[in-house]
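Visitor: just the structure for this:
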Amino acid sequence: MLTIDPKDIATQKLYGLMVSTVGPRPIAFASTVNAEGKPNLAPFSFFNMMSANPPILVFSPVLKISDKSSKHTLQNVEQNKEVVINVVNYDIVQQMSLASTAYAEGVNEFEKAGLTMQDAEMVKPFRVKESPVQFECKVTQIVTLGEEGGAGHLVCCEVLKMHIADEVLDENNKIDQFKLDQVSRMGGNLYSRANKGIFEIPKPISSMGMGVDALPESIRESSVLTGNDLGKLGTLEAAPEEKEVEEFLSENKLKEYVSESSLEKIHAIAQEYLKKEEVLNAWKILLAKSKN
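Guide: Alright, predicted model coming up:
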């Protein structure tokens, strides 16, 4: 058996071992606003329910291991003491992952992830309209666990109002766990889908995804592509250049086929590429159709 003293290994390695063994972990998709009222949206898997009376949720933004910097979410709740915690289900998991990109302060992650800001009733931060369950909360306490990189800050949140989509309720107004279809965090790039098992989403840490808001309108408003599909497309830093698109069509003898096919059919083909994680090829065939 491997035995480890946390003091004897690097924080990054310890972090990796811990998140690979303590899980699956639920995800708090936290919506906050800064002092100027600008929205921020970020996911946190150090999260759980800690009390029912009063109803308390706790999530923990950790200081960045490399430079000890704090996340915008932590800065916002320290200033405003309000947050909306949105439940993540499979339908929005790709968009949630895209929102975890380290965008600059003031960038609206709702727009980048292609999610809809919905007014809350009791707090300033916005709800994620696409989330099946949303908790409006006041922050009652922030417990600092350390000052070094990797240290957590327990954000204790009292639930003021809970919103549940009709689509996940059964005939007795209880939540149907199968309809809710929650996802949870594992180690590395892995997630777990309730009743379905483990799947992978490459974490957007080495690149800055362009975001859903940068997609061409014909793609963004597709009747075929889902929010998760758009989230995958938005992870690329830049769209393929025209020369790459032409080479793709020529190599696969697709130029005439794309020209003669309907927009919906091409979007369906792009969707098949996305299912196989061939994001670049999906982009190429979508752009090929938009040029016809």
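Visitor: what's the weakest-modelled helix or strand in the protein?
Guide: In the chain, no helix or strand scores lower on mean pLDDT, DSSP states H and E than helix 255-260, which sits at a mean of 88.
Visitor: next helix or strand past it?
Guide: helix 263-275 (DSSP states H and E).
Visitor: what about P240, how many residues nearby?
Guide: Using other Cβ atoms under 10 Å, the number of residues around P240 comes to 18. Every C-beta, even on glycine, is put in place using the N, C-alpha and C of the backbone.
Visitor: ok, it to S290 distance?
Guide: To S290, P240 is 12 Å away according to Cβ to Cβ, to the nearest Å.
Visitor: now do the contacts for G187.
Guide: G16, V19, S20, T21, G23 (Cβ atoms under 8 Å, 6 or more residues apart in numbering).
Visitor: who's in contact with K161?
Guide: By Cβ under 8 Å, 6+ apart, the contact set of K161 is A120, E121, M122, F135, E136.
Visitor: among those residues, which pair sits farthest apart?
Guide: Spatial extent of these (Cβ to Cβ) is set by the pair E121 and F135 at 11.9 Å.
Visitor: gap between the two ends of stretch 61-80?
Guide: Start-to-end span of stretch 61-80 (Cα to Cα, to the nearest Å) is 16 Å.
Visitor: can you give me the neighbour number for S218?
Guide: Here the number of neighbours of S218 (other Cβ under 10 Å) works out to 13.
Visitor: where's it, which helix or strand?
Guide: helix 217-220.
Visitor: and that helix, which residues are buried?
Guide: Across helix 217-220, burial judged by 16 or more other Cβ atoms under 10 Å covers I219.
Visitor: elements contacting that helix?
Guide: Packing partners of helix 217-220 (3 or more Cβ pairs under 8 Å, 6 or more residues apart in numbering; DSSP states H and E): helix 227-233, helix 279-290.
Visitor: just give me the lowest mean pLDDT stretch among those.
Guide: In terms of average pLDDT, helix 279-290 trails the rest of the helices and strands packed on helix 217-220, at a mean of 91.
Visitor: dead centre of the protein: give me the residue that sits there.
Guide: M96 (1.1 Å; Cα atoms, centre = their mean).
Visitor: is it correct that it is in contact with P43?
Guide: Yes: between M96 and P43 there is a contact under Cβ atoms under 8 Å: 5.2 Å.
Visitor: mutual contacts of these two, please.
Guide: Common contacts of M96 and P43, defined by Cβ under 8 Å, 6+ apart, comprise I27, F29, V88.
Visitor: what sits closest to the last one if chain neighbours are left out?
Guide: Among residues not flanking V88 along the chain, I27 sits closest, at 4.5 Å (Cβ to Cβ, 6 or more residues apart in numbering).
Visitor: residues near that neighbour, how many?
Guide: With other Cβ under 10 Å as criterion, I27 counts 26.
Visitor: name the residues that touch stretch 83-91?
Guide: With Cβ under 8 Å, 6+ apart, stretch 83-91 has contacts from 27-32, 43, 47, 57, 59, 73, 76-77, 96, 120, 123, 125-128, 130-137, 139, 155, 157, 180-183, 193, 196, 226-228.
Visitor: in it, what's buried?
Guide: Using 16+ other Cβ under 10 Å as the test for burial, stretch 83-91 gives V83, V84, I85, N86, V87, V88, N89, Y90.
Visitor: what's opposite the fifth one in the beta bridge?
Guide: Yep, that's V87 we're talking about. Taking DSSP bridges as the rule, V87 bridges to A28.
Visitor: just the pLDDT for it.
Guide: 98.
Visitor: surely A35 is in a strand?
Guide: No: remark: A35 does not belong to a strand; assigned using DSSP: H, G, I helix; E, B strand; the rest coil, it is coil.
Visitor: and it, what pLDDT?
Guide: pLDDT, A35: 91.
Visitor: and the closest residue to R185 other than its chain neighbours, how many neighbours?
Guide: Leaving aside its chain neighbours, R185 sits nearest to S45 (3.6 Å; criterion: Cβ to Cβ, 6+ apart). S45: 21 surrounding residues under other Cβ under 10 Å.
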